[in-house]
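Trainee: next input, structure requested:
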Amino acid sequence: MSDRRHSGLKSAAFAGLCLVVAGCSTSSKRDDGWLTTDQANAESKQMQADGMMPVAIDCWSDKSTSPPKYLLRTKWAPNPRNVLWRWDVGDANYMKQRKIAAARDKLKIVQFKSDINSYCAIWRSA
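Mentor: Okay, here's the model as predicted:
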């Protein structure tokens, strides 16, 4: 019986080692391309630093949480003319405020999407 116990421990240790080597973690990043707003904000900062701009956006809200968590997917393209841009996601009231702010900054909406309880948009200067 001692051999079986050692065999089981070896298997468990090997499985744990495989998970570590494979890079498994408890990260909140999803494998399906959807990002939380915090992740999307970090991605946006990096993309802007890399000279990119958003060209498509999709969003939905996880209504099982309170307040709801918004998830986004964004496609990026080069921004050679340094076009000013922003994206936003939120509920209807929040997006109304963001629309006013974008107009004040002379940004025009280039894409708007909505789900049952979530709205997202991309605004650009040109």
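
Trainee: what residue is smack in the middle of the chain?
Mentor: The centroid of the chain falls nearest to Leu35 when counting by Cα atoms, centre = their mean (2.2 Å).

Trainee: now the strands for this protein?
Mentor: Assigned by DSSP state E, the strands in the chain fall at 35-36, 52-62, 69-78, 85-90, 108-114, 119-124.

Trainee: and those as TSV, adding distance to Lys96 and mean pLDDT?
Mentor: In this view, the C-beta of every residue, glycine as well, is placed from N, C-alpha and C. Output for the strands of the chain, formatted as TSV (distance: least, Cβ to Cβ, whole Å; pLDDT from 0 to 100):
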stretch	distance to Lys96	mean pLDDT
strand 35-36	23	96
strand 52-62	16	95
strand 69-78	16	96
strand 85-90	9	96
strand 108-114	12	96
strand 119-124	9	97
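
Trainee: tell me which of those strands sits most buried.
Mentor: Burial of those is given as mean neighbour count (mean count of other Cβ atoms under 10 Å); strand 119-124 ranks first at a mean of 22.

Trainee: and the contacts of it?
Mentor: 53-59, 70, 72, 83-92, 94-95, 98-99, 102, 105, 107-114 (Cβ atoms under 8 Å, 6 or more residues apart in numbering).

Trainee: just the CA atoms of it, as PDB, please.
Mentor: Presented in PDB, the C-alpha positions along strand 119-124 are these (Å, rounded to 0.1, in the frame of the first residue of the first chain):
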ATOM      1  CA  TYR A 119     -23.700  50.400 -23.900                       C
ATOM      2  CA  CYS A 120     -20.300  51.000 -25.500                       C
ATOM      3  CA  ALA A 121     -18.900  53.500 -28.000                       C
ATOM      4  CA  ILE A 122     -15.800  54.700 -29.700                       C
ATOM      5  CA  TRP A 123     -15.300  58.400 -30.400                       C
ATOM      6  CA  ARG A 124     -12.700  60.000 -32.600                       C
END
